[in-house]
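**Q** predicted model and sequence follow; I will ask about them next.
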Amino acid sequence: MALVVGQNSWVTVTEGNTYLTDRIDASNWFDLGDTGDPGAASKTTLLVSSFHWLMGAPSLDLSATLTGDNVKNAQIEGALFLLKYSKELEAKRAFLSFGGRTFRLSKRWESFDLNALTIPIHIIGMLQEYEGINRTVELSGHYDN
């Protein structure tokens, strides 16, 4: 699949390279080719996958034609996250799809739910102006003066 800005991406591969040049722990990005075999990891497939991941987030109100730096940076950060953790993310999705809720990672039992598959907080922070959820909370009750 070709990367087309305004249709399946907010950024070009060149913009991704530029952003990640000064990013800590991004060296694996530069080991990838710009394009590759269908379904194989490449800069293009990771950027397009990140775009669809963010566009599909129910808490975000995004469109394909956005051009802001925060949106672009979030897509690139998402692509880097997928490069590093796509296998773990898929394992969690598979576990949940089969009804799993608890697992043993160490000596303790751990549990997680669908919220464990949310977009990383640093990426959501970049997109907070596009959040469709009202995070304002009203506290009521008796409080000490």
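**A** In hand now; what should we look at?

**Q** so who does Gly6 touch?
**A** Residues counted as contacts of Gly6 (Cβ atoms under 8 Å, 6 or more residues apart in numbering) are Ala64, Thr65. Using the backbone N, CA and C atoms, a C-beta is placed for each residue, glycine as well.

**Q** name the nearest residue to the residue sitting nearest the centre point of the chain, ignoring sequence neighbours.
**A** Taking Cα atoms, centre = their mean, the centroid of the chain lies closest to Gly78, which sits 3.8 Å from it. Leaving out its chain neighbours, the residue that sits closest to Gly78 by Cβ to Cβ, 6 or more residues apart in numbering is Ser50, at 3.4 Å.

**Q** how about Thr65?
**A** Nearest one to Thr65, counting by Cβ to Cβ, 6+ apart, is Gly6 at 5.3 Å.

**Q** what about the residue nearest to Gly78, how many residues nearby?
**A** Taking other Cβ atoms under 10 Å as the criterion, the count of residues near Ser50 is 26.

**Q** cool, and Phe51?
**A** Counted with other Cβ under 10 Å, residues neighbouring Phe51 total 24.

**Q** which residues sit in contact with it?
**A** For Phe51, the set of contacting residues under the criterion of Cβ under 8 Å, 6+ apart consists of Asn8, Ser9, Trp10, Ala64, Gln75, Gly78.

**Q** next, the closest residue in space to the first one that isn't next to it in sequence: phi, psi?
**A** Going back to what we said before, that points to Asn8. What sits nearest to Asn8 in space, not counting adjacent residues and going by Cβ to Cβ, 6+ apart, is Val48, at 5.1 Å. Here the main-chain torsion angles of Val48 (degrees, to the nearest 10) amount to phi -70, psi -40.

**Q** can I take it that Asn17 is in a helix?
**A** Yes: when the secondary structure is assigned by DSSP: H, G, I helix; E, B strand; the rest coil, Asn17 falls within a helix.

**Q** that one: what's it in contact with?
**A** Trp29, Phe30, Lys43.
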